[in-house]
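>>> Please find the sequence and the predicted model below.
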Amino acid sequence: MRKLLALALLSFVLMFTACPDQASPTNTGEANNANNAASPSGEDASAAVIELEKKAHEAWKSKDGKFFEGMLADDFMGVVGGNIVDKAGLVKQISESPCTVASAELSDPKTVKLTDNAMLVTHKVSFDYSCEGKKVKSPEYAASVYVKEGDAWKGAYHQSLTAANAEGELESSPDTAALKGTDDDNTQALQELENEAWEAWSKGDTKWFEEHMASNALHISPDGVTGRDAMIKALGEMNCEVEEYQLRAFTGTKLAENVHLLMYAGEQEAKCGDTQLPPTVIGSTVAVKDGDKWKLYFHVETPAK
């Protein structure tokens, strides 16, 4: 889905459609005492996935690859630590990391029920993370999708983006070469929607987004996590000049029944106001299929090389 570039500063934005619109995002503070098991609906599911996200960060701190072997879905895909990784790649990356995580604190979690068996969670994470004596930029905004397998919630997708006000020396830029591309029917359908979204963004066409974004859709930009109304308002107020753009290497992954992830490389020459946009990004969209139509619920773009 095309990017909106949003809310000033380094923002670039994109949003999505509407499935039978579900309840607005849940802003949940302390999660209940939930592990992998939880009811697939309501507050229990929200608490369970937030608690798992917290446990994943604790496991990241202690380089506990075995935790991720059990917690991640077999088809996991994500953009983590400057790499596009699958399950095996992430377990290896965490287990063998030469870096040190002194602390990691999650705040402002929001959840969206995608289906009975899939939950989206976003949050801010502030950390003290060093590699070779240099601090990695913090904070970040992150998103994960969890899917239900039997009685267990499994991590199926994760991606983060450095905040506009982050402090530190190091910032990772994943390589788009890891996107190999797929050519199945679902990928092709989502590719068409993504191209439409970028075209609408380049023309400042807010109507397209009004028609295609779910009422509870979420988007991550360097300025934070925003919802549908704020996104559309920002798009209408942006003074963007788009010289050209190209999307390529569309790669689709089934996260759960009727829930799909589309990742791709976006190249652009554009600016909004005085802010020059990154020349290359890895865009990720989470979409839900309702009947024969795709409904787009989440989008993020990470600067890449």
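Looks like it came in fine.
>>> contacts, neighbours, all on C-alpha from now
Will do.
>>> What ranges does the stretch 201-305 of the chain have for its strands?
213-221, 224-227, 240-256, 259-272, 275-276, 280-290, 293-303 (DSSP state E, counting those that start in this stretch).
>>> can you list those in JSON lines and add mean pLDDT and mean neighbour count?
JSON lines is the format used below for the strands of the stretch 201-305 of the chain (pLDDT from 0 to 100; neighbours: other Cα atoms under 10 Å):
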{"stretch": "strand 213-221", "mean pLDDT": "90", "mean neighbour count": "27"}
{"stretch": "strand 224-227", "mean pLDDT": "95", "mean neighbour count": "20"}
{"stretch": "strand 240-256", "mean pLDDT": "96", "mean neighbour count": "18"}
{"stretch": "strand 259-272", "mean pLDDT": "96", "mean neighbour count": "22"}
{"stretch": "strand 275-276", "mean pLDDT": "92", "mean neighbour count": "14"}
{"stretch": "strand 280-290", "mean pLDDT": "95", "mean neighbour count": "24"}
{"stretch": "strand 293-303", "mean pLDDT": "93", "mean neighbour count": "26"}
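>>> which one of the ones you listed lies closest to E171?
strand 293-303 (9.9 Å; Cα to Cα).
>>> Output that closest one as CSV, nothing but the C-alphas.
Taking C-alpha atoms only, strand 293-303 is exported to CSV below (Å, rounded to 0.1, in the frame of the first residue of the first chain):
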residue,chain,number,x,y,z
LYS,A,293,-11.7,-7.9,-1.5
TRP,A,294,-8.5,-7.1,0.4
LYS,A,295,-8.7,-4.8,3.4
LEU,A,296,-5.5,-3.1,4.4
TYR,A,297,-4.8,-2.6,8.1
PHE,A,298,-1.2,-1.7,8.7
HIS,A,299,1.8,-0.1,7.0
VAL,A,300,5.4,0.9,7.8
GLU,A,301,8.4,1.9,5.7
THR,A,302,12.0,1.4,6.9
PRO,A,303,14.8,3.3,5.2
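>>> The residue nearest to L179 when sequence neighbours are not counted and M231: what is the separation?
Excluding the flanking residues, the one nearest L179 by Cα to Cα, 6 or more residues apart in numbering is A249, at 5.8 Å. Using Cα to Cα, to the nearest Å, A249 is found at 26 Å from M231.
>>> do the same with V225
10 Å.
>>> Residues that sit against both of these two, list them.
Common contact partners of V225 and M231 (Cα atoms under 8 Å, 6 or more residues apart in numbering): H219.
>>> now the helices: where do they sit in the stretch 101-250 of the chain?
Applying DSSP state H, counting those that start in this stretch to the stretch 101-250 of the chain gives helices spanning 185-203, 206-212, 228-237.
>>> Need the strands of the stretch 201-305 of the chain in TSV (columns: distance to E69).
Shown next, in TSV, are those (distance: least, Cα to Cα, whole Å):
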stretch	distance to E69
strand 213-221	27
strand 224-227	29
strand 240-256	17
strand 259-272	21
strand 275-276	40
strand 280-290	23
strand 293-303	25
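>>> For L170, find the nearest of those.
Nearest to L170, of all the strands of the stretch 201-305 of the chain, is strand 293-303, at 13.6 Å by Cα to Cα.
>>> Which elements pack onto that closest one?
For strand 293-303, the packing partners by 3 or more Cα pairs under 8 Å, 6 or more residues apart in numbering; DSSP states H and E come out as strand 152-167, strand 213-221, strand 280-290.
>>> between those, which gets nearest to T182?
In terms of Cα to Cα, the element of the helices and strands packed on strand 293-303 nearest to T182 is strand 280-290, at 14.3 Å.
>>> so what secondary structure elements neighbour the closest one?
For strand 280-290, the packing partners by 3+ Cα pairs under 8 Å, 6+ apart are strand 259-272, strand 293-303.
>>> Can you lay out the ones you listed as CSV showing distance to Y157?
Below are the helices and strands packed on strand 280-290 laid out as CSV (distance: least, Cα to Cα, whole Å):
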stretch, distance to Y157
strand 259-272, 8
strand 293-303, 12
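>>> looking at these, which is closest to G82?
strand 293-303 (9.6 Å).
>>> partners of that closest one in the sheet?
Neighbouring strands of strand 293-303 in its sheet, by DSSP bridges, are strand 213-221 (parallel), strand 280-290 (antiparallel).
>>> could I get those strands as TSV with distance to L190?
Below are the strands paired with strand 293-303 laid out as TSV (distance: least, Cα to Cα, whole Å):
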stretch	distance to L190
strand 213-221	14
strand 280-290	8
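>>> Tell me which of these lies nearest to D175.
Across the strands paired with strand 293-303, D175 has its closest neighbour in strand 280-290 (8.6 Å, Cα to Cα).
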